[in-house]
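J.: predicted coordinates and the sequence they were generated for:
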Amino acid sequence: MVLPYAAYLRVYEPVTAFPEPARTLWTVYADSRRRPRRIHALGVEHRAATLRLVGSPPDVAPERESRDAYVRRLDDMIYVCPWQTRLRSWLAFERFRNEHAAGVAAAFVPPPVSERVAGDFEQWKRSGKPLRPHILTSTWHIPLDWFVPFTRGERCLMLGSPGTGYRKADDASEEHAEPPAPGQSPATAAPARTLIYVTSMGEARRRVADALPVVRENLGDGTGDVYLLSAGRLDTLGRWLDGFHPRALVELDYGGLVHLLDDRTLSLDESVAEMTVALAGMERGEVELTVAMYKRLLARWRPIRALEAAN
């Protein structure tokens, strides 16, 4: 199955941050044989979503919240990133309705179904239940502000495909089980073609907070091109991160976008490092360096975004 051309920004909270009974349920889940392993998780999510949407009428959001999650382990602590499929489906459908005329939306989802889904979501909101997803999704590109929380040293690149062997392009050449968390041995990384960055919540918040005044002074709050870096989007990212446990982990996963890039192009992708240099150049007033790095970022991601409109 071809995965969606989407990237993901995920937050993994320590299992102790969840109230009971969720804490016990997630602890048991982490050791369960039934849970989808990392190499299969995106495929499982995508298959379930596809089956819901190809029905007549389409099932826009599942009736119950997902019981699945991404799991990491670090220093004897279990970290959990719940899929929250129902919440994420509601949020995505709300964006879809806001971005398209009623007639266009009705061509995809019949109005009675649309109204029922919207009503269910409004009821959820009124109940005071959480509206902050642990996973953000971006199709056909990675927002430039997503590169800010990370550094080059937190990069984990795996090359290869099932049946051909795997090659960890950064530090190792062995087959792994989960992508590493900060300070975790590469011997636990996933046997999949993937590019992932992982950092601590403390570092992610600090880097975003440090970058915010620099970006605001040099690029402004930004109300134009959503693909450009701006203080407004960086502030939104910072507020999203602030809603989680301070000892959580933050992960940037290139997801299905890796299948738009060959091994050489993926190996040469240094978007996080280029963003780090661009921000340092802004702060020091080194205009030429800043412009050069920023242009490299735009030159890399604009052609990928353009594929969305290709036949």
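T.: On my side now, so go ahead. Numbering: from 1, shown residues only.
J.: so where does residue 26 fall, helix or strand?
T.: Using DSSP states H and E, residue 26 falls within helix 22-30.
J.: contacting residues around that helix?
T.: With C-beta atoms under 8 Å, 6 or more residues apart in numbering as the test, helix 22-30 has contacts from 15, 16, 18, 35, 67, 69, 71, 73, 78, 80, 82. Every C-beta, even on glycine, is put in place using the N, C-alpha and C of the backbone.
J.: C-alpha coordinates for it, CSV please?
T.: What follows is helix 22-30, C-alpha atoms only, in CSV (Å, rounded to 0.1, in the frame of the first residue of the first chain):
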residue,chain,number,x,y,z
ALA,A,22,-5.3,5.6,30.8
ARG,A,23,-1.8,5.2,32.5
THR,A,24,-2.4,1.5,33.2
LEU,A,25,-3.9,0.9,29.8
TRP,A,26,-1.0,2.5,28.0
THR,A,27,1.5,0.6,30.1
VAL,A,28,0.0,-2.7,29.3
TYR,A,29,-0.4,-1.7,25.7
ALA,A,30,3.3,-0.9,25.3
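J.: tell me the first helix or strand C-terminal of that helix.
T.: Next helix or strand after helix 22-30 toward the C-terminus (DSSP H and E): helix 38-53.
J.: enumerate the positions of that following helix that are buried.
T.: 38, 39, 41, 42, 45, 46, 49 (16 or more other C-beta atoms under 10 Å).
J.: can I get the residues you listed in TSV with distance to residue 286 and pLDDT?
T.: Formatted as TSV, the buried residues of helix 38-53 follow (distance: C-beta to C-beta, whole Å; pLDDT from 0 to 100):
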residue	distance to residue 286	pLDDT
38	40	77
39	42	75
41	41	81
42	39	80
45	42	81
46	43	77
49	45	78
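J.: make a markdown table out of those residues and add distance to residue 213.
T.: Listed next are those as a markdown table, based on distance: C-beta to C-beta, whole Å:
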| residue | distance to residue 213 |
| --- | --- |
| 38 | 37 |
| 39 | 40 |
| 41 | 37 |
| 42 | 36 |
| 45 | 37 |
| 46 | 39 |
| 49 | 39 |
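J.: just checking, residue 129 is part of a strand?
T.: No - assigned with DSSP: H, G, I helix; E, B strand; the rest coil, residue 129 falls outside any strand and is coil.
J.: now do it against residue 276, distance only.
T.: 37 Å (C-beta to C-beta, to the nearest Å).
J.: neighbour count winner among these two?
T.: residue 276 (19 against 10; other C-beta atoms under 10 Å).
J.: need the pLDDT of the residue nearest to that one when sequence neighbours are not counted.
T.: Excluding its sequence neighbours, the residue lying closest to residue 276 (C-beta to C-beta, 6 or more residues apart in numbering) is residue 151, at 6.1 Å. Each residue has a pLDDT score; the one for residue 151 is 97.
J.: residue 188 too?
T.: Note on residue 188: pLDDT of 37.
J.: what of residue 76?
T.: Listed pLDDT for residue 76 reads 91.
J.: wait, the residue nearest to residue 276 sits on residue 275?
T.: No - assessed by C-beta atoms under 8 Å, residue 151 is found out of contact with residue 275, at 9.6 Å.
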